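*Asks:* Please find the sequence and the predicted model below.
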Amino acid sequence: MIRAGRLKYAQTMADLAAQLGVPLGTFRNKKLHTQEGHPAPISSPTSRALLWDSEQTKAFHAGKPAPALPEVDDDEDLLDRHEAAAELGVSPASWNKYKSDPKLSEHVVLVPAGEGGTEHWPRHIVRKFKASRPGRGAGGGRRAGSGDMIPRDEILPRIAELLDDNPAITLTEAAETLGIAKFPTAQAGLAQVRGRRIADLVEAQPRLTPQQAAERLGYPTVTHRGAVAIAEAELRTRQARPYLQQVADALAEAGVAEPVQVEVRKLADEHLAAALALTAGQPSPALVWDERYGWRTATSRRHPIGKDTASAPEGEGIRYLGSSIRPKPAELLEALADGRKGSKRPKAFSS
């Protein structure tokens, strides 16, 4: 979070790179922000756009002790979506639904300021919204004891611990041990963690198939189908992410996109997609990459990927860019800038 009164010190990864006089891509590739002793981000660990306190980073690079940040919560602290969701007692996905309420949307703070900044909300605004929510008792929400007994962000780490002790743990055992609902919480969590571990093993031993990895890890046969599907999508995600991040960094350095950690989404039909918000003044609000069709422009910045359909999106404002599924950043930049390039429909690519 951004502690009260410290908004002016919040800096992005692009700011950090500029502070050191190195390109953003170089900074990210060398992971200069992870060197020993470097101040930790002030944003949530799971935030797509990391933020730091510039007083701390300047002191670190000057070889001086980084000043300590306030530790006591203040009503004027600025919370990102993960922290706001935790304050409200809901998941980040639920927060995405609540944040459009005028009681919250009128008080949103973008960091850095302007289009493309990461949304934050003052702590006192989130608390006031929580107190006004309809429901049974103060703060609304579910009846005591009716929901999961541990915070959502702790569920997957706790499930991982259970699988460490017993790879064949049942759905019922996991739910009862953790005090969470069998469906969908425990079921989805077990499949997710098992799928990631299958992907880890396949990466370490490429000769294994995901099915063989599931067997070697000792997972019950009844769990294989769901976990293997997640593993296959995870492996494709890991293979695509370096390329997508390279494009994102190149577009950010060219000033046409916001600097972000790319988030790869799995669509309902198991295909992967990712979106990049473009800066003001660009010919489109955003770009979307789909592993079936490659890159295209999008007509919405807020929901660039759009509805999950079996066919390629077409219509006003949509152009398919590039000569392949994964064109080089320079080719993509050229096609984006030239409205004559691209096509209204996706090309048929062999891979």
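*Replies:* Thanks, I have the structure now.

*Asks:* gap between Thr237 and Ala199?
*Replies:* Relative to Ala199, Thr237 is positioned 9 Å away (C-beta to C-beta, to the nearest Å). Backbone N, C-alpha and C define where each C-beta goes, glycine included.

*Asks:* Oh, that last question was meant for Ala17, not what I typed.
*Replies:* 30 Å.

*Asks:* on that earlier part again, looking at Thr237 and Ala199, which one has more neighbours?
*Replies:* Ala199 (23 against 18; other C-beta atoms under 10 Å).

*Asks:* Is it correct that that one is in contact with Gln239?
*Replies:* No: between Ala199 and Gln239 there is no contact under C-beta atoms under 8 Å: 10.5 Å.

*Asks:* For the helix or strand bottoming out on mean pLDDT in the chain, give me every contacting residue.
*Replies:* Least confident element among the helices and strands of the chain, by mean pLDDT, DSSP states H and E: helix 92-98 (a mean of 78). Under the criterion C-beta atoms under 8 Å, 6 or more residues apart in numbering, residues 81-82, 84-85, 88, 90, 104, 129 lie in contact with helix 92-98.

*Asks:* now, among these, which is nearest to Ala214?
*Replies:* His82 (30.9 Å; C-beta to C-beta).

*Asks:* Show me where the chain dips below the pLDDT cut-off.
*Replies:* 46, 115, 133-148, 350-351 (pLDDT under 70).

*Asks:* and the helix or strand encompassing Ala131, C-alpha only, in PDB?
*Replies:* Using DSSP states H and E, Ala131 maps to helix 123-132. Only the C-alpha atoms of helix 123-132 are listed here, as PDB (Å, rounded to 0.1, in the frame of the first residue of the first chain):
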ATOM      1  CA  ARG A 123      -8.600   3.100   3.400                       C
ATOM      2  CA  HIS A 124     -11.300   5.200   5.100                       C
ATOM      3  CA  ILE A 125     -13.400   5.100   1.900                       C
ATOM      4  CA  VAL A 126     -13.200   1.300   1.800                       C
ATOM      5  CA  ARG A 127     -14.100   1.100   5.500                       C
ATOM      6  CA  LYS A 128     -17.000   3.400   5.000                       C
ATOM      7  CA  PHE A 129     -18.200   1.300   2.000                       C
ATOM      8  CA  LYS A 130     -17.900  -1.900   4.100                       C
ATOM      9  CA  ALA A 131     -20.000  -0.400   6.900                       C
ATOM     10  CA  SER A 132     -22.700   0.600   4.400                       C
END
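
*Asks:* C-terminal to it, what's the next element?
*Replies:* Next element after helix 123-132 (DSSP H and E): helix 152-165.

*Asks:* Please name the bridge partners of Ala298.
*Replies:* Taking DSSP bridges as the rule, Ala298 bridges to Ala286.

*Asks:* My guess is it contacts Gln282. True?
*Replies:* No: Ala298 is beyond contact range of Gln282, at 11.2 Å (criterion: C-beta under 8 Å).

*Asks:* If you count surrounding residues, which of the two has more?
*Replies:* Ala298 (22 against 17).

*Asks:* measure the more buried one to Thr118 for me?
*Replies:* 20 Å.

*Asks:* what's the answer for Pro157, then?
*Replies:* 24 Å.

*Asks:* between these two, who's got more neighbours?
*Replies:* More crowded of Pro157 and Thr118, by other C-beta under 10 Å: Thr118, with 23 against 11.

*Asks:* Hmm, Asp153 is touching Glu83, no?
*Replies:* No: using C-beta under 8 Å, Asp153 is not in contact with Glu83; the gap is 10.6 Å.

*Asks:* So for the two, which residue has more residues nearby?
*Replies:* The neighbour comparison of Asp153 against Glu83 (other C-beta under 10 Å) goes to Glu83, with 22 against 15.

*Asks:* wait, what's in contact with the residue nearest to that one when sequence neighbours are not counted?
*Replies:* The shortest distance from Glu83 to any non-neighbouring residue, by C-beta to C-beta, 6 or more residues apart in numbering, is to Met1 (5.2 Å). Neighbouring residues of Met1 by C-beta under 8 Å, 6+ apart: 42-44, 77-80, 83, 120, 123.
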